[in-house]
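Engineer: Next one to model:
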Amino acid sequence: MLLNFATLVVSLSLLSLPTQFACGYDLNVEDQGSVFGISQRIAEKMMNFYTGNRPGQTPGALPPPYYWWEAGAVFGALVDYWYYTGDPQYNPMTTQALIHQGGPDHNYMHPNWTASLGNDDQAFWGHAAMSAAEKRFPDPPIGQPQWLSMAQAVFNNQAERWEDRTCGGGLRWQIFSFNKGYDYKNSVSNGAFFLLAARLARYTGNSTYSQWAERTYEWSKKVGFVDEKYMVWDGANVENQCNRLVKNQWSYNAGFYLAGAAYMYNITNGDPFWESQVLRLWDTTAKSFFRKETMVEISCEPWGVCNVDQRSFKAYLSRFLGSTMKMAPFTTELIMPLLVSSAKAAAAHCSFGDDKNTCSLRWTVANWDGKEGVGEQLCALETILNTLAASPQTKGLVTASTGGTSKGDPAAGNHNRDTESNYVDVRKKDTAGAAVLTAGMCCLVFLLGCWMSM
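Structural biologist: This is a model prediction of the structure:
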């Protein structure tokens, strides 16, 4: 965390924004005041979309059209925001959200989200908790679930779901069989599990986590989610044993595997195998997701067809590039030039709308597509913040033996209610509700008829 009067610098730099950035924010990555000030403005607009801190609303939840997982991504970004800027203004609501959405078993399996609960959704919240542990985000009060234990609970849940029967291994996309996508295994679920295992291995020193990370990566390559050219494909259906890949590329999938490989490089003290994986994954990522030295969500952005989820994906690639540079410093000279050029382009595209603080998704074109939202702000925020990842003024990521304070529980989540019988199939609930209502109406009509005939 940058500590040299960060909040004061942010406030002072904001005074100059209206005139200095009238035609777009002119980011200077060498000037902390510039990075802090622009980041604060972008974060402020992002949080204008959040309603969970309002009376009668659910802490940690975004309103429609946003899914639950993206709220986890937002609060992960606010952990990053505090870590890089030192500005604590969002810390109370971040803590509230991360604890509340943990659910009754503190494992991010909240019953409210059964209808769309996937392994990837749970993982995004688990990674937010893991970031809080690594970055020494203020620990919750005694008696509340702790960041590390919540990340461990997510890992334990997902390790139990590993399935060799189909595709020779891997996690399914959805957790419950009654949800669409249960018959699909994908790279986001497995890449997120790979990275979480690697992060836990580094933080705790427990080799069980690193063994799971190795197993997941090997399986991902074997099944072709990471192919021989190190392109990361979306996934495959289990009905054909994952033999027919869905060949869509998404930036966050590449980011999960790249950062996971970087963590493995770090915890193996620079093992040549993991060094080679980092380099090859980065090379393909750079070729796939950058145009004009600027980050692009290549499968939808050039045609203006990115959906609400996809409009946030570049945020996670930027976040994972920051992690990669921290875990494998030799990549900094490769990654930072493209990250900086992307951050400058993002900042220059964040002065649209009536508030002159609305970010565009497309950073390679001058015009604005007229769309705004959480995803656009999130992409710009993470990209700008992570230009500080390699700064000597940014503290490193801690472990349990190097200053980490978050308390863990290796058995967390093992007592969870992760069975379909304990969760509500909303479709069945609707059907049952309709049946009860129909029966009730029939009884009412019958009784009314009896009364009228008396």
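
Engineer: And for Arg165, the neighbour number?
Structural biologist: Arg165 has 8 neighbouring residues, counting by other C-beta atoms under 10 Å. Heads up, the C-betas are built off the backbone N, CA and C, glycines and all.

Engineer: swap in the one 10 residues further on?
Structural biologist: Under the neighbour criterion other C-beta under 10 Å, Ile175 is assigned a count of 24.

Engineer: now the closest residue to it other than its chain neighbours: how far from Met109?
Structural biologist: Spatial nearest neighbour of Ile175, chain neighbours left out: Leu117 (5.4 Å); criterion: C-beta to C-beta, 6 or more residues apart in numbering. Distance of Leu117 to Met109, given as C-beta to C-beta, to the nearest Å: 7 Å.

Engineer: Lys407 now?
Structural biologist: Counting by C-beta to C-beta - Lys407 and Met109 are separated by 20 Å.

Engineer: Of the two, which one has the most company?
Structural biologist: Taking other C-beta under 10 Å, Lys407 and Met109 do not tie; Met109 has more neighbours (25 against 15).

Engineer: Quick check, that one in contact with Gly103.
Structural biologist: Yes - the criterion here is C-beta atoms under 8 Å, and Met109 meets it with Gly103 at 5.3 Å.

Engineer: Off-centre distance for the helix or strand hosting Trp282?
Structural biologist: Assigned by DSSP states H and E, Trp282 belongs to helix 272-289. What separates the centre of helix 272-289 from the centre of its chain is 21 Å, taken as C-alpha atoms, centre = their mean, to the nearest Å.

Engineer: Show me what that helix packs onto, helices and strands only.
Structural biologist: helix 251-267, helix 313-327, helix 332-348 (3 or more C-beta pairs under 8 Å, 6 or more residues apart in numbering; DSSP states H and E).

Engineer: Switch those helices over to a markdown table; also include mean pLDDT.
Structural biologist: Output for the helices and strands packed on helix 272-289, formatted as a markdown table (pLDDT from 0 to 100):
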| stretch | mean pLDDT |
| --- | --- |
| helix 251-267 | 98 |
| helix 313-327 | 98 |
| helix 332-348 | 98 |
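
Engineer: who's in contact with Arg199?
Structural biologist: Counting by C-beta atoms under 8 Å, 6 or more residues apart in numbering, Arg199 touches 127, 130, 134, 151, 263.

Engineer: farthest-separated two in these?
Structural biologist: Pairwise distances across the contacts of Arg199 (C-beta to C-beta) peak at 13.4 Å, for the pair Ala151 and Tyr263.

Engineer: and those two? which has more neighbours close in?
Structural biologist: Ala151 (32 against 29).

Engineer: Can you pull out the low-pLDDT segments for this protein?
Structural biologist: The chain contains residues with pLDDT under 70 at 1-23, 415-454.

Engineer: what about the strands in it?
Structural biologist: Assigned by DSSP state E, the strands in the chain fall at 184-186, 235-237, 245-246, 290-291, 294-295.

Engineer: Count the neighbours of Cys300 for me.
Structural biologist: Neighbours of Cys300 (other C-beta under 10 Å): 17.

Engineer: That one and Val308 touch, don't they?
Structural biologist: No - applying C-beta under 8 Å, one finds Cys300 not in contact with Val308, separated by 11.4 Å.

Engineer: I'd like to know how far Thr208 sits from Tyr50.
Structural biologist: 37 Å.

Engineer: Thanks a lot, see you next time.
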